[in-house]
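In: sharing a model that was predicted from the sequence below.
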Amino acid sequence: MNKTAVRRIGVLTGGGDAPGLNAVIRAVVKTAIREYGMTVLGFENGFGGLIKNQVRELTENNVVGILPRGGTILGTTNRDNPFHYPVVRGNEKVFVDVSDRIFENVSIHGIEAVIVIGGDGSLAIGKELYDKGLKVVGVPKTIDNDLSATDQTFGFDTALTTATEAIDKLHTTAESHHRVMVLEVMGRYAGWIALASGLAGGADVILVPEIPYNIDIVAEKINARSQEKKKFSIIVVAEGAKSIGGEMVVNKRVEDSFDPVRLGGVGNVVAQQVESLTGKETRVTVLGHLQRGGSPTAFDRILATRYGTGAVNLLAEGKFGRMVCLKGQNIEDVPLGEAIGELHNVPINGELVKVARQLGICLGD
Ligand SMILES: Nc1ncnc2c1ncn2[C@@H]1O[C@H](COP(=O)(O)OP(=O)(O)O)[C@@H](O)[C@H]1O
Ligand SMILES: O=P(O)(O)OC[C@H]1O[C@](O)(COP(=O)(O)O)[C@@H](O)[C@@H]1O
Ligand SMILES: [Mg+2]
């Protein structure tokens, strides 16, 4: 067994699920046990399990067969922020700091350090717990790929593959019916899924949150294609896209959530406007949570596995308060503070955007 700074560790998955979570958990368990002789405990449903003391030991037997499985065997949630936890007082719901319960539960189980697998929200909580004295290491997850301290989050490649397959399928029906097809994909503040799937699937129009669109320019593009004798068009729109001077289209609010807004509906808005401006029959597909489900791609399985092993290595070396990340071809690590800094948006003058423009793809501006 190799030398290690900690012997009993916890692991949790937080925020929206992403394909590859189970691959991280498996790599954490195998590396911790085989390489360092550690004991691993898994908390259920994100920070909720840490607060409510819902925990179980994870052995190698518990992770058999989970590498290709979507979701997370530990469960996850967008709620249960220990520093802003809802409790009912009389007739009122108030938000209180229950983080002390986490320290009690960790001490009950003799846990010396915790691996937090999550996006900006979960990692922000991880950082706050670290600042309060908990030994934490982070792993970057999200299909949106919007964390700036890593070249890529796991989950993105699978979501991108799902979106690309959807565009391929929409192409054949669009072509047969001479229709305009609008595909709405996820991406709250960052348009990575829309831009990358639009490029991979050969879309004609790609609308991302970073570039507010003018619907007249989108309609002109569709009309120009008709004049080129192209009888169908594909528009990919990120759920967070908005028109110039307009607002994002909100589907609903999930109260108790730090960012309560759930987006959705911009695809319909774009489709109705395009149909009335061009007179062309238009249909909408909202890909939704299909993008978050299913088996991770080989790329995501490998990235998730490298992250899981990397996180355990950091704990063993006593490098706490850090997040594993991908830099070029290498797994490195950065302080948690850096990990939750700025959002990783599509650079509007970046190479991918330029390539799209050079291909004649309309970005709505
Ligand atoms: N900026 C933030 N600072 C602190 N807590 C946050 C922040 N954003 C979200 N949270 C909390 O983090 C948890 C997970 O956030 P969420 O955005 O759903 O997932 P993710 O970890 O993927 O970003 C929720 O409990 C939420 O209330
Ligand atoms: O599952 P919910 O609560 O509807 O949330 C949907 C949101 O979660 C995501 O799928 C992923 O976001 P996170 O990684 O921050 O959880 C977004 O693309 C989408 O806007
Ligand atoms: Mg988030």
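Out: Structure's in. What do you need? Ligands and ions are numbered 1, 2, ... in the order given.

In: hmm, stretch 8-27 touching ligand 2?
Out: Yes. Residues of stretch 8-27 contacting ligand 2 under CB under 6 Å from any ligand atom: 15-16. In short, each C-beta sits where N, CA and C put it, glycine included.

In: so for that stretch, mean pLDDT?
Out: The pLDDT scores in stretch 8-27 average 98.

In: that stretch spans what distance, first to last residue?
Out: 16 Å (CA to CA, to the nearest Å).

In: neighbours of the closest residue to ligand 1 within the stretch 151-300 of the chain, how many?
Out: Here the stretch 151-300 of the chain gets closest to ligand 1 at one residue, F258, 3.0 Å apart by CB to the nearest ligand atom. If you count neighbours by other CB atoms under 10 Å, F258 ends up with 15.

In: likewise for R79?
Out: Neighbours around R79, by other CB under 10 Å: 17.

In: next up, phi/psi of it, please.
Out: With angles defined as degrees, to the nearest 10, R79 sits at phi -110, psi -160.

In: contact partners for it?
Out: 48, 86, 256-257 (CB atoms under 8 Å, 6 or more residues apart in numbering).

In: my guess is S197 is in a strand, correct?
Out: No. Assigned with DSSP: H, G, I helix; E, B strand; the rest coil, S197 falls outside any strand and is helix.

In: in space, what's closest to it - neighbours in sequence excluded?
Out: In this structure, S197 finds its nearest non-sequential neighbour in A163, 3.5 Å apart by CB to CB, 6 or more residues apart in numbering.

In: what packs against the helix or strand the one you found falls within?
Out: Here A163 sits within helix 156-177, counting by DSSP states H and E. The contact analysis (3 or more CB pairs under 8 Å, 6 or more residues apart in numbering; DSSP states H and E) places helix 156-177 against strand 180-185, helix 192-201, strand 233-238, helix 298-317.

In: could you give me the buried positions within it?
Out: For helix 156-177, a neighbour-count test (16 or more other CB atoms under 10 Å) marks 156-164, 166-167, 170-171, 174 as buried.

In: tell me which of those residues is nearest to ligand 2?
Out: A159 (8.1 Å).

In: next, the contact list for the closest one, please.
Out: 18-19, 143, 185-186, 193, 291-292.

In: mind putting the residues you listed into CSV with distance to G240 and neighbour count?
Out: Output for these, formatted as CSV (distance: CB to CB, whole Å; neighbours: other CB atoms under 10 Å):
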residue, distance to G240, neighbour count
A18, 17, 33
P19, 21, 31
I143, 13, 30
V185, 10, 33
M186, 9, 26
I193, 10, 26
Q291, 14, 25
R292, 16, 20
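
In: what about the nearest residue in space to E57 that is not next to it in sequence, which SS state?
Out: In space, and not counting its chain neighbours, E57 is closest to L41: 5.5 Å by CB to CB, 6+ apart. With three-state DSSP as the basis, L41 sits in strand.

In: next, count neighbours for L41.
Out: 19.

In: quick check: it vs H109, distance?
Out: Separation of L41 from H109 (CB to CB, to the nearest Å) stands at 6 Å.

In: next, the most centrally placed residue in the chain: phi, psi?
Out: Nearest to the geometric centre of the chain sits T142, at 1.9 Å (CA atoms, centre = their mean). The phi/psi pair for T142 (degrees, to the nearest 10) reads phi 170, psi 140.

In: quick check: it touching T158?
Out: No. T142 is beyond contact range of T158, at 11.6 Å (criterion: CB atoms under 8 Å).

In: who touches both of the two?
Out: Common neighbours of T142 and T158 (CB under 8 Å, 6+ apart) are A18.

In: so the residue of the stretch 151-300 of the chain closest to ligand 1 lies in a helix, does it not?
Out: No. Counting by three-state DSSP, F258 is located in no helix; its state is coil.

In: local confidence estimate at it?
Out: 78.

In: for it, give its distance to R101.
Out: Taken as CB to CB, the span from F258 to R101 is 19 Å.
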